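Q: This is the structure alone, sequence omitted:
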């Protein structure tokens, strides 16, 4: 669908449009990245799966859109590339190649970078192993990478559970300290109120 054209007037107005989280039934209610792509291609801007966009690129774009922390970040990183998405739909083989390209990037580039951002030695070793995997270009190479990715996932989940347990234990400890402090304050307040009442009675 490379013959799809972009409305020049809408392209000129792109920098004035804010991107928002999620899907929308009406343009006035907001618009995510893919809804703006639909609008650029002549649509009404309520379709987040435009026919002119490759399904893999659309899925990737929707995911990025909804994981950005705020609208300003969406505008900065996504808005400039929206016109490039128009007309990207091609053959099923092209879609498959793009899908494996995305998987390869996620497993051999993005995931190792995230793992190296931790302090866990085993995850650092796993990052090296992931980068050493053969490029993921088809079902066979994707299947070959699965055991290692599952191993990494299991280890990361174990670390997350440990961290959560540590957090909960620390939260409960602090809560108990504050509860005791509150109880002591309440007892002191009650004593002060009683003393004030007694003093008032004596004064009367």
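A: Right, received. Where do you want to start? In this text the structure is predicted, and so the values were computed from the model without any measurement.

Q: Where does pLDDT dip in this structure?
A: 1-2, 162-204 (pLDDT under 70).

Q: how about 50 then?
A: Low-confidence segments of the chain, defined by pLDDT under 50: 185, 188-204.

Q: residue closest to the middle of it?
A: The C-alpha lying nearest the average C-alpha coordinate of the chain belongs to residue 67 (CA atoms, centre = their mean; 3.0 Å).

Q: Now the host helix or strand of residue 9: buried residues?
A: For residue 9, the element it lies in under DSSP states H and E is helix 8-12. Using 16 or more other CB atoms under 10 Å as the test for burial, helix 8-12 gives residue 10. The way it works is simple: take the backbone N, C-alpha and C, and place the C-beta from them, glycine included.

Q: again with stretch 77-95
A: Neighbour-count burial for stretch 77-95 flags 78-79, 82-83, 85-89 (criterion: 16+ other CB under 10 Å).

Q: Quick one: end-to-end distance for it.
A: Start to finish, the residues bounding stretch 77-95 are 23 Å apart (CA to CA, to the nearest Å).

Q: Check stretch 61-81 too.
A: For stretch 61-81, the end-to-end distance is 10 Å (CA to CA).

Q: Can you list the neighbours in contact with it?
A: Contacts with stretch 61-81, where a contact means CB atoms under 8 Å, 6 or more residues apart in numbering, come from 14-15, 17-22, 32-34, 36-37, 48, 53, 85.

Q: how about 7 Å then?
A: By CB atoms under 7 Å, 6 or more residues apart in numbering, the list of residues contacting stretch 61-81 from outside reads 14, 18-22, 32-34, 48, 85.
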